[in-house]
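# Pasted the sequence and its predicted model underneath.
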Amino acid sequence: MGRLLAFVYGIACYLIFLATFLYAIGFVGGIVVPKGIDSAPSDDFGTALLIDAILLGVFAVQHSVMARPAFKRWWTRIVPAAVERSTYVLFASLALILLFWQWQPLGGTVWHVENQPRRILWVLFALGWLDVLVCTFLIDHFELFGLRQVYANLKRAPMPPVKFVEPWLYKSVRHPMMIGFFFAFWATPHMTLTHLVFAIATTAYILIALQLEEHDLAASLGEPYRDYQRRVRMLVPLPRKIRA
């Protein structure tokens, strides 16, 4: 019964994530959803900026702290290891839901384009989100969001050991998913001050978080990942580095 409950819990966490991910596309793009990133301002500028900074900070702290190996070792003393990833996904989704709910637009226009440039930016926006989704499958979508763990637990099967691989886009850059987020956050035909603050804050967070992730990956995967770091650029798909 415990394994079945863990499996149902993992499915529920995944469905919450999926709904949150789809809402995030609408939120950033101002498409369909009832409240987007550029809804009408409701507070004075200073208050709105402070609230937005707190919301982004809550997500950044949750997303980074719960991903660290030391936290995971402590956390799995409280929650079963089989649902650790699902719980991480749930908390990340809840942090985003809080951000969507309480986000305070700031108003103002930084740039606005029409005609062909507008269409190009919308295409880049869509390609950015598509890249993010594709990358999750390249690195094992179902393990990334906790489904493989709860299924293995249900079947009493051990999780296979982590192997280092370089699938498709990962042969060109080490973090192609983050490039997708950059396009998703920056490619907009109508850049408001609100959107600009969001894009700058999330870009800064990604660049900082990648340093922590790189450290953890090198520590857990060892020499194969350190060799990968020497050969392949982090974000800019330039020609491969010459092996030292």
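Ah, there it is. Keep in mind that this is a model prediction, so the values were computed, not measured.
# If you count contacts, what does the helix or strand residue 131 falls within end up packed against?
Using DSSP states H and E, residue 131 sits in helix 115-138. Secondary-structure packing of helix 115-138 (3 or more CB pairs under 8 Å, 6 or more residues apart in numbering; DSSP states H and E): helix 176-186. To be clear about C-beta, it is placed using only N, CA and C from the backbone, and glycine gets the same treatment.
# Now do the SS call for the closest residue in space to residue 196 that isn't next to it in sequence.
Among residues not flanking residue 196 along the chain, residue 110 sits closest, at 5.2 Å (CB to CB, 6 or more residues apart in numbering). When classified by DSSP: H, G, I helix; E, B strand; the rest coil, residue 110 comes out as strand.
# re earlier: keeping just the C-alphas, turn the helix or strand just after the helix holding residue 131 into CSV.
Moving toward the C-terminus from helix 115-138, the next helix or strand (DSSP H and E) is helix 141-144. The C-alpha coordinates for helix 141-144 follow below in CSV (Å, rounded to 0.1, in the frame of the first residue of the first chain):
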residue,chain,number,x,y,z
HIS,A,141,12.2,13.3,-18.6
PHE,A,142,10.6,10.6,-16.3
GLU,A,143,13.5,10.5,-13.9
LEU,A,144,13.9,14.2,-13.9
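# Pull out the buried positions in helix 141-144.
By neighbour count with 16 or more other CB atoms under 10 Å, helix 141-144 contains the buried residues 143, 144.
# Give me the residues contacting that helix.
Helix 141-144 is contacted by residues 85, 136, 148, 149, 151 when judged by CB atoms under 8 Å, 6 or more residues apart in numbering.
# Stretch 192-200 now?
With CB under 8 Å, 6+ apart as the test, stretch 192-200 has contacts from 28, 37-38, 49, 52, 56, 105-110, 185-186, 188, 191.
# biggest separation within those residues, which pair?
56 and 109 (21.3 Å; CB to CB).
# follow-up on the earlier one: which one in the contacts of stretch 192-200 is the model shakiest on?
Ranked by pLDDT, those bottom out at residue 107, which scores 84.
# Without its sequence neighbours, what residue ends up closest to it?
residue 41 (4.6 Å).
# Residue 219 now?
Nearest non-adjacent residue to residue 219 (CB to CB, 6+ apart): residue 69, at 7.6 Å.
# so the one you found sits right up against residue 215, yeah?
No - Residue 69 lies out of contact with residue 215 (CB atoms under 8 Å); the separation is 9.9 Å.
# Make a ChimeraX selection of the buried ones in the contacts of stretch 192-200.
The ChimeraX command for the buried members of these (criterion: 16+ other CB under 10 Å) is given here:
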select :28,37,38,49,52,56,105,106,185,186,188,191
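# Tell me the one among the contacts of stretch 192-200 nearest to residue 121.
Within the contacts of stretch 192-200, the smallest distance to residue 121 is 6.1 Å, found for residue 188 (CB to CB).
# now the closest one: how far from residue 108?
Residue 188 sits 14 Å away from residue 108, going by CB to CB, to the nearest Å.
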